[in-house]
Every structure is written in structure tokens, then in C-alpha cells.
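**Student:** this one's sequence-less:
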């Protein structure tokens with residue numbers, strides 16, 4: 001079990017990771033190049049060491065969690081792995097497949113744990129979905145009424161889209177055979193992914209849509225699964241023929257919060273490498289005409 005974690009980045013998502021890591025008793029340091037953020041971090045977590053660079057804490061920790069802008073992930077992950085630190089990287093793992101694969105290869109070579117932060121995969125309702133072998137349709141809608149939760153330096157391509165892609169690859173388990181861009185702009189991306197064995201995924205992510213929706217819907221045979229991940233408690237509805245079931249999958253927020261489950265999975269420290277991170281980047285990188 002990993003016991004000492006240094007968090008790199010105390011912005012919008014880094015502050016959320018800090019909260020969970022502190023609850024789990026492993027947050028030992030917070031690093032950020034912004035002095036104002038370090039001041040805020042000091043008020044919230046006075047017991048944690050605060051600094052700018054990973055070099056300041058090298059040798060004192062067994063793991064790092066990286067929550068910085070996507071374009072910095074590659075260099076920081078490589079630095080952490082070179083220092084023999086188990087590494088958690090908020091999605092995306094990198095912004096090119098070449099870099100993402102290099103990170104994974106480095107972690108494998110060194111026998112270190114590597115995880116990419118695809119938080120939605122840890123929603124209990126998502127974990128309970130089946131993995132269809134053929135002829136199924138998936139709908140993923142991740143829509144924000146405004147510009148998204150993190151207004152600064154937000155790129156839809158590397159903010160919401162990795163969430164949607166990770167859900168499709170997790171549920172259908174392998175790379176699609178065809179990708180079609182229905183619509184692509186800075187504020188809305190709609191994709192159709194298809195697999196030769198009869199699987200289809202419709203992904204719709206967007207900012208400034210006027211509506212807030214976080215929904216995953218899977219149609220398989222005569223059964224329809226609908227998982228609402230817009231707010232707690234998460235619900236899952238199952239329609240099978242004339243039968244209907246509904247359950248709340250987040251009945252104990254302090255136990256089943258997805259980010260907490262995700263961090264706990266990383267802290268097990270099983271020295272395994274999650275390859276979903278590079279596959280998500282590979283798929284996004286291959287989307288025609290998407291900037």
C-alpha cells in the first residue's frame with residue numbers, strides 16, 4: 001500500500017485530489033509553480049510540505065499524483081518514473097500517442113504502478129455495466145451549460161472527450177474499426193465509433209450547450225441500461241422487456257465517491273500499468289480533422 005504521495009498541481013482538479021488523498025492519510029506534499037495556489041494549499045493542508053519542483057521532495061515519497069495541464073503530463077510523468085515513483089496522471093496521460101506509450105513502457109520497465117485518471121470508470125453504476133460481445137449501442141452525453149467546470153486553459157479535446165472515449169473503450173474493451181466525426185468545434189464534438197462485430201458508440205461532448213447532462217446509455221438486446229452520472233447519488237435504471245429496475249449506486253458518498261475509489265485503486269501499489277491511458281490518446285489523436 002502506497003503511503004506517501006506528492007501532489008503536483010493544485011488547480012481545479014488538483015484541489016479535489018488533495019481532498020481525497022488527505023482523507024486517505026497519504027497526502028504529504030503539494031507542488032505548484034503558482035505561489036498563490038501554494039498559499040491556499042497551506043491554509044487547507046498545513047501539514048503538507050509545499051514547494052515548486054519534484055526535485056525538492058525526491059527520495060521522500062513513494063508516489064506522485066499529477067494534476068497539471070495536459071501538455072505537461074509527459075515531462076512530469078517521465079521525471080516521476082525516473083525517480084522510481086509510482087505515478088498517477090490525471091487524464092489525458094499525454095497529448096500524443098508516442099508520448100503516452102513511452103510513459104507506459106517506462107513504467108513497465110521499472111516495475112512501477114501507472115494509472116490514468118478516468119474517474120467516470122469508477123462510478124459504481126458504470127462498474128456494473130456488462131461488456132457486450134456483439135450488436136450493442138452505447139450513447140455517452142457529457143454536456144455543460146457553460147464553459148465547463150474548469151474555465152482556465154480548457155480544451156474540450158483533452159477535457160471532456162477523454163472521459164467519453166474512456167467509457168466507450170472500457171465498455172466495448174477494444175479499439176473501434178471506424179471513427180466518424182459528425183460535428184467538431186471548440187465547443188462541441190460528436191463522434192460515431194463502430195466495431196466490425198456490430199458495436200456502435202455515439203459520443204457527444206460539449207460546452208455552452210445550455211443544458212447539463214452526464215449520461216451513459218447502453219442498449220444490448222432487449223435490455224437498456226441508463227446511468228446518470230450528473231450528480232450524486234448516481235442512479236442506474238435497467239429496462240428489460242416489460243421489466244424495470246432502478247437502484248442508487250452511490251448510497252454512501254463517503255465510501256463510494258468515484259474519485260476516492262480511483263485513488264484507492266492506485267494506492268494499492270500493485271506495480272501494474274493501465275494501458276487504457278495510451279489507447280484513449282491514440283484514438284483521439286486518430287480522429288480526422290479534430291484540432
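**Tutor:** Yep, that arrived. Note that the coordinates shown come from a computational prediction; the quantities given were computed from them, not determined experimentally.
**Student:** how about the secondary structure of the spatially closest residue to residue 192 that is not a sequence neighbour?
**Tutor:** The shortest distance from residue 192 to any non-neighbouring residue, by C-beta to C-beta, 6 or more residues apart in numbering, is to residue 180 (4.3 Å). (Glycine included, C-beta is placed from N, CA and C.) Classification of residue 180 using DSSP: H, G, I helix; E, B strand; the rest coil returns strand.
**Student:** for residue 180, what are its contacts?
**Tutor:** Contacts of residue 180 were listed using C-beta atoms under 8 Å, 6 or more residues apart in numbering, and they are 191, 192, 193, 194.
**Student:** and of these, the nearest to residue 213?
**Tutor:** The nearest member of the contacts of residue 180 to residue 213, counting by C-beta to C-beta, is residue 191 at 16.4 Å.
**Student:** hang on, that closest one in a strand?
**Tutor:** Yes. Assessed with three-state DSSP, residue 191 lies in a strand.
**Student:** just confirm it contacts residue 287, I think it does.
**Tutor:** Yes. With contact defined as C-beta atoms under 8 Å, residue 191 counts as touching residue 287 (6.9 Å).
**Student:** may I see the ChimeraX selection of the buried members of the contacts of residue 180?
**Tutor:** Of these, the buried ones go into a single ChimeraX selection, burial set by 16 or more other C-beta atoms under 10 Å:
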select :191,193
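**Student:** before we move on, back to that, anything in contact with each of residue 191 and residue 287?
**Tutor:** By C-beta under 8 Å, 6+ apart, the residues touching both residue 191 and residue 287 are 179, 181.
**Student:** could you find the closest non-adjacent residue to residue 120?
**Tutor:** Setting aside the residues directly before and after it, residue 120 is nearest to residue 163 in space (C-beta to C-beta, 6+ apart), at 5.3 Å.
**Student:** before we move on, the earlier item: ok, of the contacts of residue 180, which one's closest to residue 49?
**Tutor:** Of those, the one sitting nearest to residue 49 (C-beta to C-beta) turns out to be residue 191, at 42.5 Å.
**Student:** how about the closest one, nearest residue that isn't a chain neighbour?
**Tutor:** Once flanking residues are discounted, residue 191 sits nearest to residue 203: 4.5 Å by C-beta to C-beta, 6+ apart.
**Student:** do the same with residue 65
**Tutor:** Spatial nearest neighbour of residue 65, excluding adjacent residues (C-beta to C-beta, 6+ apart): residue 88 at 4.4 Å.
**Student:** swap in residue 64?
**Tutor:** Residue 64 sits nearest to residue 80 (C-beta to C-beta, 6+ apart), 4.5 Å away.
**Student:** repeat for residue 197
**Tutor:** Spatial nearest neighbour of residue 197, chain neighbours left out: residue 134 (4.6 Å); criterion: C-beta to C-beta, 6+ apart.
**Student:** the one you found: neighbouring residues, count only.
**Tutor:** Neighbour count for residue 134, taken as other C-beta atoms under 10 Å: 10.
**Student:** touching, it and residue 220? I think so.
**Tutor:** No. With contacts counted by C-beta under 8 Å, residue 134 stays clear of residue 220, the gap being 9.2 Å.
**Student:** flag the shaky bits of this protein, pLDDT-wise.
**Tutor:** For the chain, applying pLDDT under 70 flags the ranges 148-154, 231-234, 247-255, 291.
**Student:** centre of it to the edge, which residue is at the far end?
**Tutor:** Largest separation from the mean C-alpha position in the chain: residue 242, at 35.1 Å (C-alpha atoms, centre = their mean).
**Student:** next one: phi and psi at that one?
**Tutor:** phi -100, psi 0 (degrees, to the nearest 10).
**Student:** what sits against it?
**Tutor:** Contacts of residue 242 by C-beta under 8 Å, 6+ apart: none found.
**Student:** what's the answer for the one 4 residues further on, then?
**Tutor:** Residue 246 makes contact with 235, 236, 237, 238, according to C-beta under 8 Å, 6+ apart.
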